[in-house]
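Undergrad: all I have is the shape, not the residue letters:
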């Protein structure tokens, strides 16, 4: 159980030989509340804000007073896509096609894709799945496996980031890169995003500045042609400047309180500052050199890199709707500058490709008239005042203001644009001959060179032609990124979900023996396993149920039924339960296109697998969805094990 406690002190937490940055202890086990007469909503931070040297924290805050709501409780609370698109006058319905936003976070969210699907379904957004090539989840090395250890806290951050990119740019693809830990592994993941050809990267985390930041910038960030939207932090001005928001390569994103009103815009914004120690970060770096585009900020205000550049909604009191099941239980309201960073990253994506030779953080400074200038509020007391107090023009808490359309984040110069085309899905069996061509279109008509990551073992890519060829030698599920780059450093990419089955596992279904992991299947969390402990043969199998609680698991795949003969579905099933009486209502139901065709119960419990055969003749020549769904009550657990599925 998570324990919640009210806190108010600040602790200094240096990084490396660090220049200290004070951070408020508002971890995943802490709740923050105002001591003022007008009490702010209670919030809980997703991540522990006590940052050890060499580590970072996320900046997501959840409304603890609202808790979680299930779908049956009605429409979600908090701003949704329509609100955000209206507040910032975004062309979300017509822009963003072909763009991909990269989200870099720490640890694994095992239900990220399923939660994202629920959010997008609720708000009528187009599906974004692994199957259709829109969603991609990678580890910090750019591979689809192994994924890091899961984290309940960081899963809240991940859900927030995915939902905000979806809300702002529903036609954008999304790649989630999960670092092994909240350390410099996050920076390694940032570098991987660049290697994959990222043009828009959201960074909703940070830590104290240290003396080696210039070296970190050179090692991990691409200084030109890539948008890095970095949160400024949630602990007000007094906490100090956060890195990577203070990087010369990033656009530092501050936070506002966003409220509907009867003005011409229909909305008003002020500096987010719930109470001392809980509000948007800002300040003047003591390490990073001032970039040339910040010459608008007098040296007397800040002689070095100033934070923020622009801002967006971050106040949990006027927060956004988020769907989360790992570490959560449905719909919640979130805030923090972690909400603002993915919002702005996605707005950059709506605006189009950055020029490969440009510095995207500079764009807003050339067109300040295309921003909503925030002129009210502060996030502390300071001298000089602009570092913590809103005013006309640039100020620390909100930068130059919030987006008013996309003009302020549009590249003032035009570079080449490259589009890469390849199938979103590819299915092969071990030993099959593979010849697949990725094609690139360069607006400047320049030749390109191709690279690829996470190719199945045994396959190669020809860098000139884009042809992937060879024979896969091992079963597995891969998320392949094919990137094309021309001589101007313009680049584009595409994603292929590639499943290599064993010969045995490729009989009428994809990966029917689960030796390739999850590839080809849609599942609830942790149904497919590859530890070999309870398999019918090999290592892979599916485990449904077995919890002893009121619970539902599912496993499904879309398949083509042969149009000739008498097609049948075959699979091995083992049922294990200590209660085989009629009082045990646990069951496994097999459906074809939603129509029940077979039900198995705890009364059929056996110590070994039993082969099952189902006649599919009524479905000859059709493409149908096969689904196995287990249901359990809160009495004796019943486990249903599946393996070796074939047609």
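TA: That came through, no problem. What you see is a predicted model, and the numbers here were worked out from it, not measured in a lab. Residues are numbered from 1 along each chain as shown.
Undergrad: quick one: contacts for residue 556?
TA: Going by C-beta atoms under 8 Å, 6 or more residues apart in numbering, residue 556 touches 521-523, 625-628. Yep, even glycine has a C-beta here, placed from its N, CA and C like the rest.
Undergrad: just the helices in the stretch 1-150 of the chain please.
TA: Taking DSSP state H, counting those that start in this stretch as the criterion, the stretch 1-150 of the chain carries its helices at 81-87, 112-122.
Undergrad: residue 374 is nearest to which of those?
TA: helix 81-87 (12.6 Å; C-beta to C-beta).
Undergrad: where in the stretch 351-500 of the chain is pLDDT low?
TA: For the stretch 351-500 of the chain, no stretch is flagged by pLDDT under 70.
Undergrad: give me the helices and strands touching the one helix or strand residue 345 maps to, please.
TA: Here residue 345, judged by DSSP states H and E, is contained in helix 337-351. The contact analysis (3 or more C-beta pairs under 8 Å, 6 or more residues apart in numbering; DSSP states H and E) places helix 337-351 against strand 100-106, helix 152-168, strand 200-203, strand 227-231, strand 251-260, strand 310-313.
Undergrad: possible to save those as a markdown table with distance to residue 454 and mean neighbour count?
TA: Output for the helices and strands packed on helix 337-351, formatted as a markdown table (distance: least, C-beta to C-beta, whole Å; neighbours: other C-beta atoms under 10 Å):
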| stretch | distance to residue 454 | mean neighbour count |
| --- | --- | --- |
| strand 100-106 | 15 | 28 |
| helix 152-168 | 20 | 28 |
| strand 200-203 | 19 | 31 |
| strand 227-231 | 23 | 31 |
| strand 251-260 | 29 | 28 |
| strand 310-313 | 33 | 30 |
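Undergrad: can these go into JSON lines with extra columns for distance to residue 292 and mean pLDDT?
TA: Output for the helices and strands packed on helix 337-351, formatted as JSON lines (distance: least, C-beta to C-beta, whole Å; pLDDT from 0 to 100):
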{"stretch": "strand 100-106", "distance to residue 292": "26", "mean pLDDT": "98"}
{"stretch": "helix 152-168", "distance to residue 292": "29", "mean pLDDT": "97"}
{"stretch": "strand 200-203", "distance to residue 292": "22", "mean pLDDT": "98"}
{"stretch": "strand 227-231", "distance to residue 292": "18", "mean pLDDT": "98"}
{"stretch": "strand 251-260", "distance to residue 292": "15", "mean pLDDT": "98"}
{"stretch": "strand 310-313", "distance to residue 292": "17", "mean pLDDT": "98"}
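Undergrad: so for residue 532, which of those sits nearest?
TA: Residue 532 sits nearest to helix 152-168 of all the helices and strands packed on helix 337-351, at 27.7 Å, using C-beta to C-beta.
Undergrad: report the angle between that closest one and strand 100-106.
TA: Taking axes from the mean of the first three to the mean of the last three C-alpha atoms, to 10 degrees, one finds helix 152-168 and strand 100-106 inclined to each other by 170 degrees.
Undergrad: got a list of contacts for the following helix or strand past helix 152-168?
TA: Moving toward the C-terminus from helix 152-168, the next helix or strand (DSSP H and E) is strand 173-179. By C-beta under 8 Å, 6+ apart, the surrounding residues in contact with strand 173-179 are 99-109, 112, 116, 128, 133-140, 142, 147-148, 158, 161-162, 165-166, 185-186, 188-189, 192-193, 196, 198, 481, 495.
Undergrad: hmm, back to that, among the helices of the stretch 1-150 of the chain, which comes closest to residue 335?
TA: Of all the helices of the stretch 1-150 of the chain, it is helix 81-87 that lies closest to residue 335, at 12.9 Å by C-beta to C-beta.
Undergrad: would you mark the buried spots in the closest one?
TA: Within helix 81-87, the residues that count as buried by 16 or more other C-beta atoms under 10 Å are 81, 83-85, 87.
Undergrad: which of those residues sits closest to residue 122?
TA: Comparing the buried residues of helix 81-87 against residue 122 with C-beta to C-beta places residue 81 closest, at 9.7 Å.
Undergrad: how far away is the closest residue to the closest one other than its chain neighbours from residue 128?
TA: Once flanking residues are discounted, residue 81 sits nearest to residue 167: 3.9 Å by C-beta to C-beta, 6 or more residues apart in numbering. Look at residue 167 and residue 128: by C-beta to C-beta, to the nearest Å, they are 12 Å apart.
Undergrad: for residue 61, give me its contacts.
TA: Counting by C-beta under 8 Å, 6+ apart, residue 61 touches 26, 32, 43-46, 234, 316, 319, 334-336, 338.
Undergrad: let me have the buried residues of helix 81-87 in CSV, extended by distance to residue 584.
TA: Below are the buried residues of helix 81-87 laid out as CSV (distance: C-beta to C-beta, whole Å):
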residue, distance to residue 584
81, 44
83, 47
84, 48
85, 50
87, 53
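Undergrad: ok, these vs residue 256, which is closest?
TA: The closest of the buried residues of helix 81-87, once distances to residue 256 are taken by C-beta to C-beta, is residue 87, at 9.9 Å.
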